[in-house]
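[1] got a sequence here, can you build the structure:
(chains A and B)
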2 protein chains.
Amino acid sequence: VAALARAYRRGLVRRTRALLDYSDAQGLPRLRAAIASMLAATRGLAASADDVLVTRGSQMALSLAARALVQPGDAVAVETLGYRPAWDAFRVAGAEIVPLALDAEGAQVEALLEISRRHRLRAVYLTPHHQYPTMVTLAPGRRMRLLELARARRFAVVEDDYDHEFHYEGRPVLPLASVDRSGAVIYVGTLSKVLAPGLRLGYVVAPEPVLARMTALRGLTDSQGDLPLESAVAELIEDGELQRHVRRARRIYDQRRHALLAALDRRFGPRLRVRPPAGGVAVWAEAVPPVDVEAWARRALAEGVSFQPGRRFALDGRPRPFLRLGYACLDEAEIEEAVRRLARSRP
Amino acid sequence: VAALARAYRRGLVRRTRALLDYSDAQGLPRLRAAIASMLAATRGLAASADDVLVTRGSQMALSLAARALVQPGDAVAVETLGYRPAWDAFRVAGAEIVPLALDAEGAQVEALLEISRRHRLRAVYLTPHHQYPTMVTLAPGRRMRLLELARARRFAVVEDDYDHEFHYEGRPVLPLASVDRSGAVIYVGTLSKVLAPGLRLGYVVAPEPVLARMTALRGLTDSQGDLPLESAVAELIEDGELQRHVRRARRIYDQRRHALLAALDRRFGPRLRVRPPAGGVAVWAEAVPPVDVEAWARRALAEGVSFQPGRRFALDGRPRPFLRLGYACLDEAEIEEAVRRLARSRP
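    Have a look, this model is predicted:
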């Protein structure tokens, strides 16, 4: 916070005129360049500043992608468990949402062949790095097959890499966008999870024609970004402050992840089946045998503990015997106490 | 700049958690309350914090209004000279744009009756306070008739009050929204013209069902605003800093307006017909006899002076023998020099 407030003030005072004036809809060139070199260094993504569109968080990026891609009547395939605000952005743009099943290797991409025969499939939206909410990483073979199908059946892949930074086991898997040779992938990332949810900064890397349409739509939706903020964050990236912050956060989140997994195992044992996630800031846990997790969520809330029951993420709106337990903002003692109350409130 | 940077830093440091966390799409309640009381005090608009939606500048407000109102095939009437990015926001939402003629009393609203018979008229978009770009104030009788027609023919009025603060002669005319009894008016304002173009803050006051749809769309387009900025600006409004800034700016702009009018009269006399605008930060001038103002604009640019030729604002894309001369960011000596070069570059 102190570093950000300093950078913000420094920018406002030193470059008052430039940062308070009209600018372009694509984002501050200096921030686009900083993001491009960060993506090259950390994700094997060969993008230049010209290939980057800065947005207000990933939600604006998804909304612009939806509006740039979809004509009414087009279909967009999404994972059967996923991120509702993204689906709604595609729906509002006129898309029919079509389910794509999930298993232990991530989305069953082979099904897209059949889907593309039965629908006017314009895009598939997915979170391949840490599938939201199940945290599964899309298997390598499926990644290749997905890109093959996208090229052959001419649909776009909207890759939402919302928490790339938070990967704990081994190296992060490179995004689909870094191996896409046919210009099918629209890559969406966010700095809001790294900085703070209240600071809306996202970005898109996409093939030129799509990026140009998205930039034009961005201008009509929201003329330009917050230049003092964009400049402050560019400075934090350039001087390495952001990467240091990410490393610190990752270490802390990893400790919390271990603390949560240990506490769950201790309190629940086999009654809660947890696949330890390789990344992210939440655990996806299955109640065994199945219990009414929505009743559980209500009872837990009465104990002061909030979690999201599986149904929240279900495209079909049906209950699932799963809990999503977010742990990013709890320290180890709080995690211990939360799990104790969770156990106490189990139906 | 100093006051803003201080308020921003103060908010970030004192209310770190609240300002960096998730929030709601309607905008920081404290800023909505501050805007509501400012609107009540300065524009006779009886709005509470609940009636206000905070947006990223007026462009987002217009884009959300367009998307909330328009179904493909609907018509939206706009003044024959106007603000292209607004028209494009309606077009992108699927609207057919229909021209509404202008004269010395502003938009010829009576024509809306006939338009509403020949089209599925969903809305009229206009700038009644200082018509953009001609600076004419919509006459009182036409205001009443417009609201009557809106009620009878069931279309919405999107009132873009983009520079309400900058009115020099007499009291500002109250917005249509302040006398609307039938819930037809969607009122759009901006703080970006008061603060700085680089700080995107706009707002909407609208009847509940429309505001709710716009807020939902806002959330899918851009989850929430920039809370540190929203908090800083709320503070500037609460402690009167913003109104003091507006009064200072108004005094300076008024001096510049006089300087520009005097310089134009001295250098051009009757060759440039200028109706002194009651407000705004630009002058709309007619070349008499007509000259090729686009050639003039190119030649002026070679002399280091930029102005917008009439065609830029024309819905039909045809040339007009008019110049829009913005003066906000020039001091009196610069205005004198600019007009000298303008005279030298006249074709």
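
[2] just want the most central residue of chain A.
    The centroid of chain A falls nearest to A:Tyr162 when counting by Cα atoms, centre = their mean (2.1 Å).

[3] so how far is chain B from that residue?
    12 Å (Cβ to the nearest Cβ, to the nearest Å). The way it works is simple: take the backbone N, C-alpha and C, and place the C-beta from them, glycine included.

[4] correct me, but that residue touches A:Ala61?
    No. Using Cβ atoms under 8 Å, A:Tyr162 is not in contact with A:Ala61; the gap is 10.2 Å.

[5] overlap in contacts, the two.
    Common neighbours of A:Tyr162 and A:Ala61 are listed as A:Val188, A:Thr190 (criterion: Cβ atoms under 8 Å, 6 or more residues apart in numbering or on different chains).

[6] can you name the residue of the stretch 1-150 of chain A nearest chain B?
    Residue of the stretch 1-150 of chain A nearest chain B, by Cβ to the nearest Cβ: A:Leu20 (3.4 Å).

[7] list the contacts for that residue?
    A:Leu12, A:Leu227, A:Pro228, B:Val1, B:Leu195, B:Ala196, B:Pro197, B:Gly198, B:Leu199.

[8] change it to 7 Å
    Shown in contact with A:Leu20 (Cβ atoms under 7 Å, 6 or more residues apart in numbering or on different chains): B:Ala196, B:Pro197, B:Gly198, B:Leu199.

[9] neighbours around A:Asp316, how many?
    9 (other Cβ atoms under 10 Å in any protein chain shown).

[10] just the helices in the stretch 51-200 of chain A please.
    All helices of the stretch 51-200 of chain A, identified by DSSP state H, counting those that start in this stretch, fall at A:57-69, A:84-92, A:111-118, A:140-153.

[11] make CSV from those and add mean pLDDT and mean neighbour count to it.
    Supplementary listing: the helices of the stretch 51-200 of chain A in CSV, determined by pLDDT from 0 to 100; neighbours: other Cβ atoms under 10 Å in any protein chain shown:
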stretch, mean pLDDT, mean neighbour count
helix A:57-69, 97, 27
helix A:84-92, 97, 20
helix A:111-118, 98, 15
helix A:140-153, 97, 17
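
[12] okay, the ones you listed in CSV with distance to chain B next?
    Compiled in CSV, the helices of the stretch 51-200 of chain A are given as follows (distance: least, Cβ to the nearest Cβ, whole Å):
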stretch, distance to chain B
helix A:57-69, 5
helix A:84-92, 5
helix A:111-118, 24
helix A:140-153, 25
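
[13] pipe those helices into a markdown table and attach distance to B:Ala33 per row.
    Converted to a markdown table, those look like this (distance: least, Cβ to Cβ, whole Å):
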| stretch | distance to B:Ala33 |
| --- | --- |
| helix A:57-69 | 25 |
| helix A:84-92 | 27 |
| helix A:111-118 | 48 |
| helix A:140-153 | 48 |
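
[14] looking at chain A, which helix or strand does the model trust least?
    Lowest by mean pLDDT, DSSP states H and E among the helices and strands of chain A is helix A:16-19, with a mean of 82.

[15] what mean pLDDT does whatever helix or strand comes next after that helix have?
    Note on helix A:16-19: by DSSP states H and E, the next helix or strand toward the C-terminus is helix A:29-43. Helix A:29-43 comes out with an average pLDDT of 96.

[16] restricting to C-alpha, output helix A:29-43 in CSV.
    In CSV, the C-alpha atoms belonging to helix A:29-43 read as follows (Å, rounded to 0.1, in the frame of the first residue of the first chain):
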residue,chain,number,x,y,z
PRO,A,29,1.8,2.6,-23.4
ARG,A,30,4.3,2.4,-20.5
LEU,A,31,2.0,0.0,-18.6
ARG,A,32,1.4,-2.1,-21.8
ALA,A,33,5.1,-2.4,-22.3
ALA,A,34,5.6,-3.4,-18.7
ILE,A,35,2.9,-6.0,-18.9
ALA,A,36,4.3,-7.4,-22.2
SER,A,37,7.7,-7.9,-20.7
MET,A,38,6.3,-9.4,-17.5
LEU,A,39,4.3,-11.9,-19.7
ALA,A,40,7.3,-12.7,-21.8
ALA,A,41,9.4,-13.3,-18.7
THR,A,42,6.9,-15.3,-16.7
ARG,A,43,4.6,-17.0,-19.2
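
[17] the host helix or strand of A:Leu217 near chain B at all?
    Taking DSSP H and E as the definition, A:Leu217 sits inside helix A:208-221. Yes. Against chain B, helix A:208-221 shows contacts by Cβ under 7 Å from any Cβ of the partner chain at A:Leu217, A:Leu220, A:Thr221.
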